[in-house]
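Visitor: can't give you the sequence, but here's the structure:
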């Protein structure tokens, strides 16, 4: 990479990090605690869902996984710049 390409990559990375940070800030709710990691949070949600009546579980699992899939999709979108820059170097 040339110096200008390196600067563009660095600026792109900083912007991507800023967007990911803002995304996290936007979806975080201060009224609730956080788990140690995502797997623990999912386990906690599953434990809560399992306390529901059988006819209510499918809706709760669906809602949980729609949220998780949307977060995953948004993270992929936000980090796309990084992947495009790296792929262009190959």
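Guide: Thanks, I have the structure now. Values in this document were obtained by computation on a predicted structure and should not be read as measured data.
Visitor: how many other residues sit next to residue 60?
Guide: By the other Cβ atoms under 10 Å criterion, the neighbourhood of residue 60 contains 16 residues. Where C-beta positions appear, they are placed from N, C-alpha and C, glycine not excepted.
Visitor: err, residue 24, not the other one
Guide: Counted with other Cβ under 10 Å, the burial measure for residue 24 works out to 12 neighbours.
Visitor: From residue 73, how far off is it?
Guide: Using Cβ to Cβ, to the nearest Å, residue 24 is found at 15 Å from residue 73.
Visitor: Give me the below-cutoff pLDDT ranges for this protein.
Guide: Applying pLDDT under 70 to the chain flags residues 1-9, 81-90.
Visitor: one more time with 90
Guide: Flagging of the chain using pLDDT under 90 yields the residue ranges 1-17, 77-90.
Visitor: Show me where it has its helices.
Guide: Ranges of helices within the chain are 3-27, 38-49, 54-78, 80-89, based on DSSP state H.
Visitor: Now the second one: buried residues?
Guide: Neighbour-count burial for helix 38-49, with 16 or more other Cβ atoms under 10 Å as criterion, is recorded at 45, 49.
Visitor: Please apply the same query to the third one.
Guide: Within helix 54-78, the residues that qualify as buried are 60, 64, 78, counting by 16+ other Cβ under 10 Å.
Visitor: Assess the claim that the last one and residue 17 are in contact.
Guide: This points to residue 78. No: the pair formed by residue 78 and residue 17 falls short of the contact definition of Cβ atoms under 8 Å, at 9.3 Å.
Visitor: what comes into contact with stretch 28-35?
Guide: When contacts are defined by Cβ atoms under 8 Å, 6 or more residues apart in numbering, stretch 28-35 is touched by residues 41, 43-44.
Visitor: Just the buried positions in stretch 24-37, please.
Guide: Of the residues in stretch 24-37, none has enough neighbours to count as buried (16+ other Cβ under 10 Å).
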